[in-house]
Structures are given as structure tokens and as C-alpha cells.
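A.B. asks: Just the structure for this:
(4 chains)
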Protein chains: 2
Amino acid sequence: MASKEVLQLLPRDRPKPIHRWVYEVLRLNIIQLHMKPGRLLSETEMADFLSVSRTPVREAFIRLAEDGLLDILPQKGSVVSLIDLDQAQEARFVRLAVEREILKEACTRNLSTFKDIEENLAWQEECGGKGAYDQLLLADNEFHRILYRICHKERVWDAIKKLDYNYDRLRVMTLPIVGQRIIGEHREILQLVKDREVDRIETLLHRHLTWEIIEQVVFEYPSEYFKAIPVNGRMAQ
Amino acid sequence: MASKEVLQLLPRDRPKPIHRWVYEVLRLNIIQLHMKPGRLLSETEMADFLSVSRTPVREAFIRLAEDGLLDILPQKGSVVSLIDLDQAQEARFVRLAVEREILKEACTRNLSTFKDIEENLAWQEECGGKGAYDQLLLADNEFHRILYRICHKERVWDAIKKLDYNYDRLRVMTLPIVGQRIIGEHREILQLVKDREVDRIETLLHRHLTWEIIEQVVFEYPSEYFKAIPVNGRMAQ
DNA sequence: TTTACACTACTACCATACAAGTATGGCAAG
DNA sequence: CTTGCCATACTTGTATGGTAGTAGTGTAAA
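C.D. replies: Numbering: from 1, shown residues only, chains lettered A, B, ... in the order given. Predicted coordinates:
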């Protein structure tokens, strides 16, 4: 019983080029797992579905391939990329290395107000309460972006976010399970930043960006979704 | 007297799509400053120059815009992006954070052979001796890539390299001046990794990825090349 | 002299047609 | 039944025509 695929659309700003709109729609649906890893899709299919020509779809495909979300096989077809657990782990490595420095720096800054981040936490709890985990992913990302903004390094966040779209797909898998815990950790992080407890942040960050939950949840999903097949609770090639 | 522009071409692998070739050629020439920041260019111009149609050129343009090397102004034209010093500094921040962890990990590994990296250092010295600084940039990048490979994190390098193409353009400016010093520091880094001197590596890395030289060299170039104009030895908006 | 406006020459954007490579199914020969 | 081959229906890659928006110029009116 192949569950029917329901794709989410986005509003389309008129002056913005269509190829960007197509890109954003496809990226959203791939990350939110509305399009399963391994799903075949062709330029013409998406062009028909979105009622545009092949050109902007093709341009979006090229960008998605650049992001590692799509595999383009010339003269054969295109496939939503399988989730590469090794790559996701490397993305997590980058996140850890960079975010440690970000949080360290955040502790040194005098924050006139925590209004933004408090509002964000309220939004997160609203999402968690409603079970709107797709929204929670957005709120989660926004929380971390605010931390980068505090350090005047918002563009660093934008840049490294591109590195871990694969990691995002794994977080979509885990959020329904660990969503509440994640939100609590966010509160902890904020508190430690307020109290300037630099030393305790590192261990908390490791716990926050945990890999163990992912290893467990992966088994709930078909193994065809992954490049490296999970074996005996450990990842193997 | 506008110095005549001489672009460097690349061999063209037949099975590989043309748009990738176009992308690589343009990226090379932008990073090596053969195409100056602010240079106007259009799809038709590059299509004629490279003897291809507009389609693959356009696809390459979109990727270059994604990399921050090109600004596409719809219905107006495209411009080689100005060098954003603030963004370059943020890229350096990421490099520092990640590479510190990489080198720390490299110290813990048992290396059966340093052959690759020794060969690379020989290549660097050859480049430095000949004054082939465009080659030296490649060798420099390769040196760092090898360090990542030692930690089985080569893809981390590939990913973060995309973040600092702007930083690369600045390094092209500085290499003729600091090339020899850079090579020496590479030897130092290798030695510290061999000796597992984790603590001393951090300070060396900060010295290696220095920003002060860049601040000085920037003044040798026209201010129109930069987004943030250098004022009184400090960067201003 | 200054201002308003049409005209021209560009641009990126999008749609479409064609080319070339690949997988598949059916059919015929062994 | 198995094997080889060809026709066909896909796929992505490339070229080209047309559209809409922008900038700049020259001209005519105020």
C-alpha cells in the first residue's frame, strides 16, 4: 500500500524568478520527506505538476543536485538522493565545531534584550504542543540562527545550513520523538548563555546534537532510504 | 589603460555536461581575478565567447550566483560580485573553527605514511620557486584537503570550500607576497601533527589564517573591487 | 535650458523544439 | 527456453525563439 504522496506548495512571489520558486518547493518537500529518498522524478513530470516549462525545473534540479538532495543521471533520470549517514555525521561535525565557537562568543556579548529568542521559544512550544513537527523544524533552525545573529555571524548560519540538508532529513525523522526534549535543551542553552557558563555549554551542545537517537530512529524507516545500511545498531558501509 | 583581459580555459571532458565546464571555467577566472570584481557580463557574451548556446551558460550563472561569485540582476545584467570582506571574515571564522578540530583529530591518528603530503609540499615549493602563484593556490588547497582526508572527513573540506570563494580571491591577492611564508607554515603544521603537539597547533593555525596581511594588501587594489571600503586601516561599511 | 516621452538596444527569463543517450519489451532465430 | 536484436518510449542535454522589463538616448514640447 504505497501511501499517496502529498506535496506542499509555497506562495509564489511574482517578481521572483520561477526557478527559485521551484527550487524552494522541491527542497521543502524533499527535506520534509514528502518525497521519499529514492523517488524517481523527471523534469517533464515536475514541469507538468507545477504548470511551468522544463527550463526552470531543470535549473532547480541542478541546484538541488548541488545541495546533495537530488542525483541527476544523464540520459537516465533523476532520483531523490538516498540519505547518506556518513555525510550527515560529517555535517554534524561541522555544526559542533562552529556552534561551539558561536556559543562561546555569545557568552561574551552584552545582550540588551532576549526578546527575539524568547518569542522563538514560545513558538517552539506552540509547535510541540500542537504536534506540528514540520513547523518545529523551522522554529528550531530559527533558534540557532538567532544565536548566530547575536554574534553578528548570521551568514555563517546560512552558509553551513546548506551543508546539512541530509542531517535535516534525519531530524525530521527524530523530531516527533525527541521534540519536547529538544525544546527543553534550547531553554537550557539560553540559560547557560545568560549565565555565561562557557564550560558547561560544550557538553550540552554535544548532547543536543546527539547521534544516538538518530541511530535508533533510522531503524523505524525502510533501509532503502539510506546509502549506508544500518547493521546491528552500528552503521556499516 | 584598461589592461586587456585574458581568460584561462580548461580542457573539456566530452561526456561531462557543458554547463559544468562553463561553470568551472568561469569560477576559475573569477577566483584568479582574471575577471575583475564588478565586471559586467551577459549570457550571450559568454555563450559567444565559449561557442555554446545560452542555456548551459545560464545554468552556470545560476550556480555561480549561488556561490556568491556572481550577482544576477534580472532584466538588467550580471556582474562579477564585489569582494565582501565581512563575508570573507566569516568564512575564515568557519575555517578556523573546523580546522582546529581537524588538526586535533589528525594528531590522534596513526599515519602509516606521509607520502601524499610530502609530495604536496614538494609541489608547493616548486610553485613558489617558479612564482606560479595560481598553481600555488591549488597546491595550498590540496594540502589542507589531505589533512581532512587523514581524518576521513574529505567531504567536510569539499563542503566548506564552497563557503570561502570570496576568501580565495583575497588569498590570490596575498599569495605573491606571503607565498613563501605560507609554505613554511605548512611544514610547521605537518611537523606539529607528526609530533602530536596539539596545544601549539591552535596558535599556529591562527597565524596561518591571518587577517592582517589581507587588510594590508587590500589597499594595493582598487577600492571598487570591494563591497566594504577600507578606511584608515580598518574595514568600514 | 529643462522636461516629458517615445524609441532603441540591451538584459534575464521562460517556453519550446530538437538531439543524443538509455532502458525496456517484444519478436524472431537458434 | 534462451539469446540476440530492433523498435519504441522514455530520460537529460542543448539550441533557439519570443517575452517582458530596464536603461539610455534623442527629440520635441514647455
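
A.B. asks: Check what contacts stretch A:24-34 and list those residues.
C.D. replies: A:5-10, A:35, A:46, A:50, A:60, A:64, A:67, A:69-70, A:80, A:134, A:137, A:165, A:168-169, A:172-173 (Cβ atoms under 8 Å, 6 or more residues apart in numbering or on different chains). No exception for glycine: its C-beta is placed from N, CA and C like everyone else's.

A.B. asks: hmm, try it at 6 Å
C.D. replies: By Cβ atoms under 6 Å, 6 or more residues apart in numbering or on different chains, the list of residues contacting stretch A:24-34 from outside reads A:L7, A:Q8, A:L10, A:M35, A:A60, A:L64, A:L69, A:V80, A:D134, A:D168, A:R169, A:V172.

A.B. asks: Next one: the third one from DNA strand C, what distance?
C.D. replies: Think A:L10. Plainly put, A:L10 is 14 Å away from DNA strand C if you go by Cβ to the nearest atom of the strand, to the nearest Å.

A.B. asks: do the same with the first one
C.D. replies: When distances are taken as Cβ to the nearest atom of the strand, A:L7 and DNA strand C turn out to be 18 Å apart.

A.B. asks: before we move on, back to that, just the closest of the contacts of stretch A:24-34 to DNA strand C, please.
C.D. replies: A:A60 (9.5 Å; Cβ to the nearest atom of the strand).

A.B. asks: And for A:E224, the neighbour number?
C.D. replies: Look at A:E224: counted by other Cβ atoms under 10 Å in any protein chain shown, it has 10 neighbours.

A.B. asks: quick one, what contacts it?
C.D. replies: Contacts were defined as Cβ under 6 Å, 6+ apart; by that measure A:E224 touches A:G38.

A.B. asks: give me the element the residue nearest the centre of chain A is part of.
C.D. replies: Geometric centre of chain A, nearest residue: A:D168, 2.7 Å, by Cα atoms, centre = their mean. Per DSSP states H and E, A:D168 falls inside helix A:165-194.

A.B. asks: hang on, the earlier thing: just the buried ones from the contacts of stretch A:24-34, in PyMOL syntax?
C.D. replies: If you want just the buried ones from those in PyMOL, going by 16 or more other Cβ atoms under 10 Å in any protein chain shown, the selection is:
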select buried, chain A and resi 35+60+64+69+80+134+168+169+172
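
A.B. asks: ok, so of the contacts of stretch A:24-34, who is nearest chain B?
C.D. replies: Of all the contacts of stretch A:24-34, chain B sits closest to A:A60, with 9.3 Å by Cβ to the nearest Cβ.

A.B. asks: just checking, the closest one is part of a helix?
C.D. replies: Yes. Applying DSSP: H, G, I helix; E, B strand; the rest coil, one finds A:A60 inside a helix.

A.B. asks: which ones are touching it?
C.D. replies: Contacts were defined as Cβ under 6 Å, 6+ apart; by that measure A:A60 touches A:H19, A:V22, A:Y23, A:L26.

A.B. asks: Also near DNA strand C: which of the residues you listed, exactly?
C.D. replies: With the criterion set as Cβ under 7 Å from any atom of the strand, the members of those near DNA strand C are A:H19.

A.B. asks: The residue sitting furthest away from the middle of chain A in helix, strand or coil?
C.D. replies: Here chain A reaches farthest from its C-alpha mean at A:Q75, the gap being 30.2 Å by Cα atoms, centre = their mean. A:Q75 carries the three-state label coil when classified by three-state DSSP.

A.B. asks: Can you tell me how far it is from B:R14?
C.D. replies: From A:Q75 across to B:R14, the span is 14 Å (Cβ to Cβ, to the nearest Å).

A.B. asks: and if you look at A:A88?
C.D. replies: Per Cβ to Cβ, A:A88 is found 34 Å from B:R14.

A.B. asks: which one of the two has more residues nearby?
C.D. replies: Ranked by neighbour count (other Cβ under 10 Å), A:A88 and B:R14 place A:A88 first, with 24 against 6.

A.B. asks: Contacts for whichever helix or strand the more buried one is part of, please.
C.D. replies: For A:A88, the element it lies in under DSSP H and E is helix A:85-108. The list of residues contacting helix A:85-108 from outside it, by Cβ under 6 Å, 6+ apart, reads A:147-148, A:150-151, A:160, A:163-164, A:166-167, A:170, A:193, A:196, A:198, A:201-202, A:209, A:228, A:235, B:94, B:97-98, B:101, B:153, B:155-156.

A.B. asks: Now do it against helix B:85-108, angle only.
C.D. replies: Helix A:85-108 and helix B:85-108 meet at an angle of 120 degrees, taking axes from the mean of the first three to the mean of the last three Cα atoms, to 10 degrees as the criterion.

A.B. asks: in helix A:85-108, what counts as buried?
C.D. replies: Buried residues in helix A:85-108, counting neighbours by 16+ other Cβ under 10 Å, are found at A:85, A:87-107.

A.B. asks: and what of stretch A:155-171?
C.D. replies: Going by neighbour count (16+ other Cβ under 10 Å), the buried part of stretch A:155-171 is A:155-157, A:159-161, A:163-171.

A.B. asks: quick one: which two of those are the most distant?
C.D. replies: A:R155 and A:L170 (24.5 Å; Cβ to Cβ).

A.B. asks: any idea how far A:L40 is from chain B?
C.D. replies: When Cβ to the nearest Cβ, to the nearest Å is the yardstick, A:L40 and chain B sit 20 Å from each other.

A.B. asks: Could you count how many residues lie near that residue?
C.D. replies: 10.

A.B. asks: Pull the contacting residues for it.
C.D. replies: Contact analysis of A:L40 by Cβ under 6 Å, 6+ apart lists A:G77, A:V79.

A.B. asks: re earlier: make JSON lines out of the contacts of stretch A:24-34 and add pLDDT.
C.D. replies: Converted to JSON lines, the contacts of stretch A:24-34 look like this (pLDDT from 0 to 100):
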{"residue": "A:L7", "pLDDT": "97"}
{"residue": "A:Q8", "pLDDT": "97"}
{"residue": "A:L10", "pLDDT": "97"}
{"residue": "A:M35", "pLDDT": "98"}
{"residue": "A:A60", "pLDDT": "98"}
{"residue": "A:L64", "pLDDT": "98"}
{"residue": "A:L69", "pLDDT": "98"}
{"residue": "A:V80", "pLDDT": "98"}
{"residue": "A:D134", "pLDDT": "93"}
{"residue": "A:D168", "pLDDT": "95"}
{"residue": "A:R169", "pLDDT": "97"}
{"residue": "A:V172", "pLDDT": "96"}
